[in-house]
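> model this:
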Amino acid sequence: MPKLTIDGREVEVAAGTTILQAADYLGIEIPRFCYHERLAIAGNCRMCLVDVEKSPKPVASCAMPVAEGMVVHTDTPQIKKARGGVLEFLLINHPLDCPICDQGGECDLQDEVMAYGFDRGRYHENKRAVKDKDFGPLVKTTMTRCIHCTRCVRFITEVAGVPELGATGRGENLEIGTYVEKALSSELSGNIVDLCPVGALTSKPYAFMARPWELKKTESIDVFDALGANIRVDTRGNAVMRVLPRLNDDVNEEWLGDKSRFAVDGLLRQRLDRPYLRKDGKLQPISWSEALAAIAAKVKGLGGAKLAAIAGDMADCEAMTALKDLFGKLDSPNLDCRQDGAKLGGSPRASYLFNSTVAGIEDADVLLLIGTNPRVEAPVLNARIRKRYLKGGFSVAAVGPKANLTYKHEYLGDQTAILSAIADGSHPFAAVLKAAKKPMLILGQGALARVDGDILLGLARKIAETTGMVADGWNGFNVLHLAAARVGGLDLGFLPGAGGRDVEGILAGAEKGEISVVYLLGADEIDMSRLGKAFVIYQGHHGDAGAHRADVVLPGAAYTEKDATYVNTEGRVQRTNLAVFPPGEAKEDWKILRALSEAMNKVLPYDTLGKLRARMAEVNPLFAGINAIAPASWGSFGADGVPAADPLASPVDNYYMTDPISRASRTMAECTARFVGCAHKRTGTNG
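Purely as a prediction, here's the structure:
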């Protein structure tokens, strides 16, 4: 490991480390525009110039590897002058429109000009102007501001894996754009807004909405998919203005999917802000006391077998705990958190987790995808798979939907018989898995939510066991969930009790009149027409399918409006924080259930969030730890048998609209029209 000296401080770093990275390690700041630690080195802005002894001229520190005995100076008069010269050249054509630029206040160019710039320009010719490009409904372009750092080009090509951006022309005529005029089709395109060090690329939905110093910033968790990306919610007053990713190398690195970033305008539309009761066929606004009394009167005298509850995909763990405890007091075993009908039980825990962890993808050497299209089901996780693929020595095969993935893979087909052949070793890919040191598979909801999902789950377990995926220090069996609430619900045991009904049983019972009351906790993805004449209670935050069918509507809080716990697909317990208050008379979900228990004379034994979380830890000790992953024990799960011949497919046909919030979003409607090609029609499944 070479030793070098930077500004009089000696440091020892790994071979191949650049001067800039070594300086960052010491906490010495070197300005940069084109360099980004997660992208390939370009070395084209020259802002990171440093003096290296015995070098005849300044050196670009981002592209120069360290050497033994190297002596570097980052703050000499010569270097300050050189950086000032670089900035003067950059500003020759840069428009002086900071007062109207959305990047103002958080712009790298502004910051560096304040540190190294001159107070006037010496260039008096006409400035260059560049025509703006159409990158689609999400990214706004003002290309005259572009300084050609190529961060956006490198991200779209390397991380997103959709090489649609590039540079055309040379010298002063160089422009960044799509080679053929088209919108960016990546589900991660919004990240180039964060990467742009100037105001050339900004958020189109957020344009001219707010200034960064006006915003209150709240750290939270994304719930639009099951990855649990770490986010920051920026609010002004009681409105969510934007959502940005937070750094978490174990989960989302620093990336965020477009739906998670841009669907937040749906939080302002079609909101439920007061209780409703259906009278004479129409929902009429009523008071909270009337709503709770109406539910208590309807439930009174009914046996537990007549009651049922379904938790939706965005339900938080506190609300599911309260609802489960309430139905326990009502002696009803009819509970289910799997509204898509996924054939997953509550044990062993390894049967429903992403056991290798998201970061563990980088350690695998072979991957088998079963019934999943990770590009639309979890775009940030898909980027992690691509990251591993780019390192080399990584084989990917897919059994399921034929998808346009962002890495080379072997498509084995969509027939379930292929899985049987891999499990018994007769398929050639079984040998590839067996020969690997750390093989893994990802089992999607497209396989689990079928009628024969338990058989496919059993086949996946056999593949894992027969190919050496489960070993000391490594478990390559992974389930990729779509719902943020799913793992938390399974951990809490929000499942049918002894003699209880699952979602299919609840719907069948409601059709036959055997179920009289159905409680929907944010559940909108079921077939509402099958609820028959049942009395439906809907607790949620949007006027979606569940609210339209409901007899009583209880307005709850969205994920930005409550302190709530979620468990991501790898079993990591994380929490959202209240960024804004729920609108109107809406309340946090667990508080609604606590008040309802009082109206029913079945009082729940907790009246504070702390006591409720203590109850969650009592149900499952995993909830006592936050942001930690505990390895799950292996066991027997799934069923034996021959799966149906139906081809495997992904349950997501439109990435941009999978839940009540994104369906209420105008931005997501524009994306659907632009990228999906037709107006989105809701069905009873995700997508």
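> can we go C-alpha only for contacts and neighbour counts from here?
Noted.
> and residue 123, how many neighbours?
12 (other C-alpha atoms under 10 Å).
> pretty sure it is touching residue 92, no?
Yes: in this structure residue 123 lies within contact range of residue 92 using C-alpha atoms under 8 Å: 6.3 Å.
> any idea of the pLDDT on residue 630?
Looking at residue 630, its pLDDT is 86.
> mind listing what it touches?
Residues in contact with residue 630 (C-alpha atoms under 8 Å, 6 or more residues apart in numbering) are 571, 622.
> Quick check: it vs residue 504, distance?
As judged by C-alpha to C-alpha, to the nearest Å, residue 630 and residue 504 stand 32 Å apart.
> Give me the distance between residue 7 and residue 68.
16 Å.
> Check residue 120 too.
When distance is defined by C-alpha to C-alpha, residue 120 is 41 Å away from residue 68.
> Among the two, which residue is more densely surrounded?
residue 68 (13 against 7).
> Could you report the separation of the more buried one from residue 48?
On the measure of C-alpha to C-alpha, residue 68 and residue 48 end up 21 Å apart.
> And residue 340, by the same measure?
According to C-alpha to C-alpha, residue 340 and residue 48 sit 52 Å apart.
> who has more neighbours, those two?
residue 48 (27 against 24).
> residue contacts, the more buried one?
Neighbour list for residue 48: 20, 30, 31, 32, 60, 61, 62, 83 [criterion: C-alpha under 8 Å, 6+ apart].
> One more pass at 10 Å, please.
Neighbour list for residue 48: 19-20, 29-35, 58-63, 74, 79, 82-83, 86 [criterion: C-alpha atoms under 10 Å, 6 or more residues apart in numbering].
> Then residue 119?
residue 113.
> element containing it?
Residue 119 is part of no helix or strand when elements are defined by DSSP states H and E.
> still on that earlier bit, which ones among the contacts of residue 48 are found in strands?
Among these, the ones falling in strands (DSSP state E) are 59, 60.
> I'd like to know which of the contacts of residue 48 are buried.
Buried members of the contacts of residue 48, counted by 16 or more other C-alpha atoms under 10 Å: 19-20, 30-35, 58-63, 74, 79, 82-83, 86.
> Can you list phi and psi of residue 178 for me?
phi -80, psi 140 (degrees, to the nearest 10).
> Identify the residue nearest it in space, chain neighbours excluded?
residue 165 (4.7 Å; C-alpha to C-alpha, 6 or more residues apart in numbering).
> Now stretch 24-43: average pLDDT?
Here the average pLDDT along stretch 24-43 is 94.
> Could you do stretch 112-126 as well?
On average, stretch 112-126 scores 88.
> Also stretch 92-104?
In the prediction, stretch 92-104 has an average pLDDT of 91.
> which parts of it are buried?
92, 93, 94, 101, 102, 103, 104.
> now, which of the contacts of residue 48 lie within helices?
Counting by DSSP state H, these place 19, 20, 79, 82, 83, 86 in helices.
> of all these, which comes closest to residue 584?
Closest to residue 584 out of these is residue 20 (51.6 Å), distances taken as C-alpha to C-alpha.
> pLDDT wise, what is that closest one at?
For residue 20, the pLDDT comes out at 95.
> these two touch, right, it and residue 60?
Yes: between residue 20 and residue 60 there is a contact under C-alpha atoms under 10 Å: 8.6 Å.
> which residues do these two both contact?
With C-alpha under 10 Å, 6+ apart as the test, residue 20 and residue 60 both reach 32, 48, 49, 50.
> Turn these into a markdown table, columns for secondary structure and distance to residue 201.
Formatted as a markdown table, these follow (DSSP: H, G, I helix; E, B strand; the rest coil; distance: C-alpha to C-alpha, whole Å):
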| residue | secondary structure | distance to residue 201 |
| --- | --- | --- |
| 32 | coil | 18 |
| 48 | coil | 22 |
| 49 | strand | 26 |
| 50 | strand | 29 |
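> so where do the helices sit in the stretch 301-450 of the chain?
Using DSSP state H, counting those that start in this stretch, the helices found in the stretch 301-450 of the chain span residues 317-329, 374-377, 379-391, 417-424, 428-435, 445-448.
> Which strands or helices does the third one pack on?
In this case it means helix 379-391. Here helix 379-391 touches helix 258-262, helix 374-377, strand 395-399, going by 3 or more C-alpha pairs under 10 Å, 6 or more residues apart in numbering; DSSP states H and E.
> Now the shortest one - C-alpha only, CSV.
What follows is the C-alpha trace of helix 374-377 in CSV, where atoms were taken according to Å, rounded to 0.1, in the frame of the first residue of the first chain:
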residue,chain,number,x,y,z
PRO,A,374,-36.9,-6.5,-11.1
ARG,A,375,-36.5,-3.6,-13.4
VAL,A,376,-40.1,-2.5,-12.7
GLU,A,377,-40.7,-4.3,-9.4
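> Show residues contacting it.
With C-alpha under 10 Å, 6+ apart as the criterion, helix 374-377 contacts 160, 186-188, 224-227, 257, 380-383, 385, 403-406, 442, 444-445, 480-483, 650-656, 658.
> The residues you listed in strands, which ones?
Short answer: these in strands (DSSP E) are 442, 444, 480.
> pretty sure the last one contacts residue 342?
No: the pair residue 480 / residue 342 is not scored as a contact, 11.7 Å apart, by C-alpha under 10 Å.
> which neighbours do the two share?
444, 445, 446.
> could you give the mean pLDDT of stretch 397-409?
For stretch 397-409, mean pLDDT rounds to 94.
> That stretch: how far from the chain's middle?
How far stretch 397-409 lies from its chain's middle: 20 Å, per C-alpha atoms, centre = their mean, to the nearest Å.
> end to end, how far does it reach?
For stretch 397-409, the first-to-last residue distance is 5 Å (C-alpha to C-alpha).
> buried stuff in that stretch?
Buried residues in stretch 397-409, counting neighbours by 16+ other C-alpha under 10 Å, are found at 397, 398, 399, 400, 401, 402, 406, 407, 409.
> Low-confidence bits of this protein, can you list those?
In the predicted model, the chain carries pLDDT under 70 at residues 678-687.
> In this structure residue 1 contacts residue 69, no?
No: between residue 1 and residue 69 there is no contact under C-alpha under 10 Å: 11.1 Å.
> okay, and the common contacts of the two?
With the criterion set as C-alpha under 10 Å, 6+ apart, the contacts of residue 1 and residue 69 do not overlap.
> quick one: contacts for the closest residue in space to residue 665 that isn't next to it in sequence?
In this structure, residue 665 finds its nearest non-sequential neighbour in residue 266, 3.9 Å apart by C-alpha to C-alpha, 6+ apart. If you count contacts by C-alpha under 10 Å, 6+ apart, residue 266 has them with 240, 542, 660, 661, 662, 663, 664, 665, 666, 667, 668.
> now the first one: how far from residue 669?
Between residue 240 and residue 669 the distance is 19 Å, computed by C-alpha to C-alpha.
> coming back round to it: the residue nearest to residue 665 should be in a helix, yeah?
Yes: assigned with DSSP: H, G, I helix; E, B strand; the rest coil, residue 266 falls within a helix.
> Quick check: closest non-adjacent residue to residue 57.
Residue 57's closest residue in space is residue 51 (C-alpha to C-alpha, 6+ apart), at 7.3 Å.
> That neighbour: neighbouring residues, count only.
Residue 51: 21 surrounding residues under other C-alpha under 10 Å.
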